[in-house]
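Undergrad: Here is a sequence together with a model predicted from it:
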Amino acid sequence: AHFTKADGLVDNNVFSITGKGDQLWLGTLGGGSSFDVTAAKPGFINYTRENGLSNNFVYNVYADSRNNIWFSTDGGGISRFGNDGFHHYNNIPGLTKNIVYTSAEDIYGNIWFTGLNAGLFCFDGKSFRHYTIKDGLHDNEILNLVPDNKGNLLLSHPEGIELFNIRRELFTFYGEESGFNDINPEINASCKTAKGDILIGSDDKIIVYYPSETRYTQLPQLVMNDVELFFKPIKANDQHVFAYDENHLTFNFAGLWYVNPSAVNYLYQLEGNSTDWISTRDHSISFPNLRPGSYVFRVKASINNDFRFAPMVTWRFRILQPYWRQTWFIACLLLFAGLTVFYLVRLRFRFLQARQEKEKQRMAAQLMMLKNQLNPHFLFNSFNTLMNIIDKDKQMAMEFTEKLSDFYRELALLQDKDLISIAEEVNLLKNYIYLQQKRFGNNLQLKLNISEEHLQRHIPPMTLQLLAENAIKHNSITPERPLLISVESAQSFIVVTNNINKHPVKASSAGIGLSNIRQRVQMQTGKDISIIENEQEFNVIIPIKTN
């Protein structure tokens, strides 16, 4: 019988034929057609874009075990026709121009399809999985796809034949070394016999695949030939211990795959030296100048860059520490050092006694400076302030107490220092002003304008705090006459300025504060402070150390 468009066929260019029961399905250049083969005269049912098909150019039509019909189209992706009508799968990541060549169902119920230079796709009913060259596939241009009865897919492309184990997701390529170079298969020129053998047609031959006679050879045998120490072979047993200067090792290995030995590549890692796996085609790896420690050398072999199930060889070894890093030597060295230190301490005892008297004198001077700062009026006023706020705001009282404690703690820490950074001095000043502001409120203000560079320079401790205390002592501080203390940096100086609000009754002063500052600055910098006073302002210019 001969059927054409005149008999109801959707198009005379038939690319694919499949069947399910009594129903025969055709894929053509004009869409899909089906008819009942048992009918006396076929009544064609046609499927085109007008009634649901994604594209009329059908490369392949396939009937799966669930009574779905899959249409592989040129430009429309893949369409599934079932009891609930058409469903379309297009714009799939990796599918070039929505061109699908073929589709098939494996023994596990997954639908597989290929496209224009797109590799291999798997649809499990919910989502898609994509396999390309980076997953071990040899060529992305798959022209034929046929599942066998053992859980594999037989793929053909211009470079040769590929066998894909579905469960293990492993590709085995048969190319030139197996006699399959430049086979040039035709699109969808394949079929499976009743025995399960698979036939693939190319431009000048037919290739037959017998699943029952196929064994996997994608996992080469891996052996460690030997290990060399400074390029001299040593016995490659499981574990070795080397001296600290025996630290140049070479590992020689081989992956045996007789089909095409040059296709074997390797991944290796030296645990203890690096956690990275490094790819190579070399059969020998050297590690010079290894540090003392424990190491594990590992190497894997594969023929398709898929190392998940690849065989692995392991070799463990240890390089000892040099004697001068071992415990006994370090203990002896520490004992010798301790005895030496003890002897030197005794020799210097008299010298330290002589210095002690001088140190006492220096500490006495510093203590006098500190006593000058522990102004009983300041302490008395601080306690009065604390008593005033403790019933009003307990949280503020706690904060005030902490600041007061921090202030005196910092004063105690500074007594052993001749110089401190301006940043430390500014922090002390801030704490002092904070305590005084609890007494005077916003009538007392502090303005800081010190560059980052100047904050790293040094100044005798409590210099700025003493000047601030003098300003508060000698000036009236009221809402009508607030006191502003300004601290600024300029070249190699710090300038402290306050406005003058003289008390109606002049406060008594022995001049100890400024005198103390002058002496300590001269001692540390060799320069004198400058005092500039007029009716509005009182300025003190303090030279600072630059290193």
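TA: Yep, that arrived. Nothing here was measured: the structure is a model prediction, and the numbers come from that model.
Undergrad: any chance you could map the helices in the stretch 351-500 of the chain?
TA: 376-390, 394-414, 422-440, 452-455, 463-474 (DSSP state H, counting those that start in this stretch).
Undergrad: Check which residues of the longest one are buried.
TA: So that's helix 394-414. 397, 400, 403-404, 407, 410-411, 414 (16 or more other Cβ atoms under 10 Å). Any C-beta I mention is one placed from the backbone N, CA and C, and that applies to glycine too.
Undergrad: got the residues you listed as TSV, with distance to residue 434 columns?
TA: Formatted as TSV, the buried residues of helix 394-414 follow (distance: Cβ to Cβ, whole Å):
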residue	distance to residue 434
397	14
400	8
403	5
404	9
407	8
410	13
411	15
414	18
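Undergrad: Show me the one of the helices of the stretch 351-500 of the chain that comes nearest residue 107.
TA: The closest of the helices of the stretch 351-500 of the chain to residue 107 is helix 452-455. By Cβ to Cβ, the value is 73.8 Å.
Undergrad: and the closest one, what does it pack onto?
TA: Other elements packing on helix 452-455 under the criterion 3 or more Cβ pairs under 8 Å, 6 or more residues apart in numbering; DSSP states H and E are helix 422-440.
Undergrad: so what secondary structure elements neighbour the helix it packs on?
TA: helix 376-390, helix 394-414, strand 444-449, helix 452-455, strand 458-459, helix 463-474, strand 483-490.
Undergrad: among those, which is nearest residue 9?
TA: Using Cβ to Cβ, the nearest of the helices and strands packed on helix 422-440 to residue 9 is helix 452-455, at 87.3 Å.
Undergrad: From residue 273, how far out is residue 285?
TA: 11 Å (Cβ to Cβ, to the nearest Å).
Undergrad: Tell me how far residue 151 lies from residue 396.
TA: For residue 151, the distance to residue 396 equals 78 Å [Cβ to Cβ].
Undergrad: now do residue 263
TA: Taken as Cβ to Cβ, the span from residue 263 to residue 396 is 80 Å.
Undergrad: Which residues belonging to stretch 451-462 are considered buried?
TA: So stretch 451-462, judged by 16+ other Cβ under 10 Å, has buried residues 454, 457-462.
Undergrad: whoops, I mixed them up, stretch 48-58
TA: Quick answer for stretch 48-58 (16+ other Cβ under 10 Å): 48, 53-58.
Undergrad: what's the spacing between residue 337 and residue 331?
TA: To residue 331, residue 337 is 11 Å away according to Cβ to Cβ.
Undergrad: no, scratch that, I was asking about residue 93
TA: Separation of residue 93 from residue 331 (Cβ to Cβ) stands at 65 Å.
Undergrad: what do you get for residue 270?
TA: The value you get for residue 270 to residue 331, if Cβ to Cβ is used, is 32 Å.
Undergrad: which of those two has more neighbours?
TA: residue 270 (20 against 10; other Cβ atoms under 10 Å).
Undergrad: Excluding sequence neighbours, find me the nearest residue to that one.
TA: In this structure, residue 270 finds its nearest non-sequential neighbour in residue 297, 5.4 Å apart by Cβ to Cβ, 6 or more residues apart in numbering.
Undergrad: quick one: residue 268 and residue 296 touch, right?
TA: No. Contact criterion Cβ atoms under 8 Å: residue 268 and residue 296 do not qualify, at 11.2 Å.
Undergrad: Any idea which helix or strand in this structure has the lowest mean pLDDT?
TA: helix 349-373 (a mean of 60; mean pLDDT, DSSP states H and E).
Undergrad: neighbours around the closest residue to residue 527 other than its chain neighbours, how many?
TA: In space, and not counting its chain neighbours, residue 527 is closest to residue 543: 4.0 Å by Cβ to Cβ, 6+ apart. Neighbourhood size, residue 543 [other Cβ under 10 Å]: 19.
Undergrad: For residue 543, which residues count as its bridge partners?
TA: residue 493 (DSSP bridges).
Undergrad: Please name the residues that touch it.
TA: Residue 543 makes contact with 492-493, 521, 525, 527-529 under the criterion Cβ atoms under 8 Å, 6 or more residues apart in numbering.
Undergrad: Of those, select the buried ones using a ChimeraX command.
TA: Entered in ChimeraX, the line below selects the buried ones among the contacts of residue 543, by 16+ other Cβ under 10 Å:
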select :521,525,529
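Undergrad: Report how many residues lie close to the closest residue to residue 230 other than its chain neighbours.
TA: Leaving aside its chain neighbours, residue 230 sits nearest to residue 248 (5.1 Å; criterion: Cβ to Cβ, 6+ apart). Neighbouring residues of residue 248 were enumerated by other Cβ under 10 Å; the total is 15.
Undergrad: Distance of residue 248 relative to residue 277?
TA: Residue 248 is 22 Å from residue 277, by Cβ to Cβ.
Undergrad: Same check on residue 402?
TA: Residue 402 is 56 Å from residue 277, by Cβ to Cβ.
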